[in-house]
Structure formats: C-alpha cells, structure tokens
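[1] coords please:
(chains A and B)
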Amino acid sequence: QQQVKQSPQSLIVQKGGISIINCAYENTAFDYFPWYQQFPGKGPALLIAIRPDVSEKKEGRFTISFNKSAKQFSLHIMDSQPGDSATYFCAVSTGTASKLTFGTGTRLQVTL
Amino acid sequence: GAVVSQHPSWVICKSGTSVKIECRSLDFQATTMFWYRQFPKQSLMLMATSNEGSKATYEQGVEKDKFLINHASLTLSTLTVTSAHPEDSSFYICSATRGGLSEAFFGQGTRLTVV
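    Have a look, this model is predicted:
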C-alpha cells in the first residue's frame, strides 16, 4: 500500500512560471510533511516542511499548502528558475525524527 | 544546517565481496541514523533505522544478514553490504537526526556498482 502518492511524475515549466507538485496521503497519524530537492548523484536536501496545525508556509519562493481534511499537501515554486531543475520528493512521517516515507518523485525541468 | 558525510561517494566491487559505507554526522550527535536505497529514477526506500548502541531495526523485506548496520557512536553509522551481487548495485543514502523534533539531515549518497 502506497502511503503517499505524488503527482505529476514530471513537469516542464518556463522560467518565471509557477511549478506545482501535489501529494496525497492516507494515514491521519502523519504529522510532519517535508519537501526535499534532489540533484542527480546527490542526497536529498530539505526545502521546506509543514505541520498540520497550519494551512500554509512560505519560505522565499517556496510555499507549502496543506489541506488536512483532504489529506493533501502541495509545493509551489514561484518564479521558477533553471537552477530549480531537479527531482522533488514529498515525504511524510509521524514526528520529525521518525522514519520518512517518500513520494515517488517529480522531475522538474525549468526551460529558458 | 548540520552536515552529514558519507564515504565513499562511489565504489565498485566484485561479486562476492563485501563493501562498507560510512555515514558521519560532522557537527552534531546523531541519536538516530537511517539508511535508504534508491534505484535510478526511483524514490528513496528506507532500509533500516539505527540507534547508537543498539541493534538496527530493518524494514520488511530487507535482509539483515546481507546489509549489516553498526551504529557504534553518536557520530558514525556503517552499512556493510556482504557478499555483494550485481542486483545490490544502487545509490545508498544515510540520514541523521538529533532526535526529538529535529529534522533529518542527509548525506550525499554512495553509488555502489557490483561487477
């Protein structure tokens, strides 16, 4: 059973556009929802994370929107840049330091 | 942010041999370390959770006798792939956390190729 479903699988966005990646989860016990960015041949790096007590969190060009009732959360990348081209993973866990379950990943390409 | 370092970054070994991968937290004490495996263009799959001084907890389907994990200190965990086979070729990534509400910090990964 897949605990977190991520879409789309791939995404092409023009420079300056908005990139939107979505994730849906099943288990209401999850209480930590991070997004990671991974470049080829590198480990993932935390971009931004949210807890279910807030519906939105913004850090620079990155925003997480969280819908607790729908059990969905999304990553918005504003003013997308070619340097944002990478694979993005959502993840879920119960408690920050607990083991993370990752989504399937979204390969983002930002074109000039 | 905290730094987690893996060594080596890549390794090639012959079938039947064993290879050890190190994961170090350079500037903090890691109460818990996690080991993940990632196949090309796929997601990260958790293999095991290790706490300093205790036996690792393996995920279902992961052979504990094949993937030996040792967490001997608060800054070092090792993953040993024993009797490696070509199907063990993968990208292995560790993460470390201080515990509590601390986030997990990831290493840069180790590319293992078994020939």
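
[2] ok, B:L74 - contacts?
    Contact partners of B:L74, counting by C-beta atoms under 8 Å, 6 or more residues apart in numbering or on different chains, are B:25, B:29-31, B:52. The way it works is simple: take the backbone N, C-alpha and C, and place the C-beta from them, glycine included.

[3] near chain A too, which of those residues?
    Residues of these in contact with chain A (C-beta under 8 Å from any C-beta of the partner chain): B:T31.

[4] What parts of chain B come near chain A?
    Going by C-beta under 8 Å from any C-beta, the residues of chain B near chain A are B:1, B:4, B:6, B:31-32, B:34, B:41-46, B:49, B:91, B:93, B:95, B:97-109, B:111.

[5] sorry, back to before: just the buried ones among the contacts of B:L74, please.
    Among the contacts of B:L74, those classed as buried by 16 or more other C-beta atoms under 10 Å in any protein chain shown are B:25, B:30-31, B:52.

[6] picking up where we left off before, let's see which of the residues of chain B next to chain A end up in strands.
    Among those, the members falling in strands (DSSP state E) are B:4, B:6, B:32, B:34, B:44-46, B:49, B:91, B:93, B:95, B:97, B:104-106, B:111.

[7] Those residues of chain A touching chain B, which are they?
    A:34, A:36, A:41-46, A:49, A:89, A:95-97, A:99-105, A:107.

[8] tell me the phi and psi of A:C90?
    With angles defined as degrees, to the nearest 10, A:C90 sits at phi -90, psi 160.

[9] How about the contacts made by it?
    By C-beta under 8 Å, 6+ apart, the neighbours of A:C90 are A:4, A:6, A:21, A:23, A:33-36, A:73, A:75, A:102-103.

[10] go with 10 Å
    Counting by C-beta atoms under 10 Å, 6 or more residues apart in numbering or on different chains, A:C90 touches A:4-6, A:21-25, A:33-36, A:64, A:73-75, A:100-106, B:43.

[11] how much space between it and B:C13?
    33 Å (C-beta to C-beta, to the nearest Å).

[12] go on, B:T82?
    Distance from B:T82 to B:C13, by C-beta to C-beta: 11 Å.

[13] Pull out the buried residues from stretch B:85-95.
    B:88-95.

[14] Show me which of the residues of chain A next to chain B are buried.
    Neighbour-count burial (16+ other C-beta under 10 Å) applied to the residues of chain A next to chain B gives A:34, A:36, A:42-44, A:46, A:49, A:89, A:96-97, A:99-105.

[15] Now do B:H71, the pLDDT please.
    At B:H71, the pLDDT value in this model is 89.

[16] Please name the nearest non-neighbouring residue to it.
    Leaving aside its chain neighbours, B:H71 sits nearest to B:S50 (3.9 Å; criterion: C-beta to C-beta, 6 or more residues apart in numbering or on different chains).
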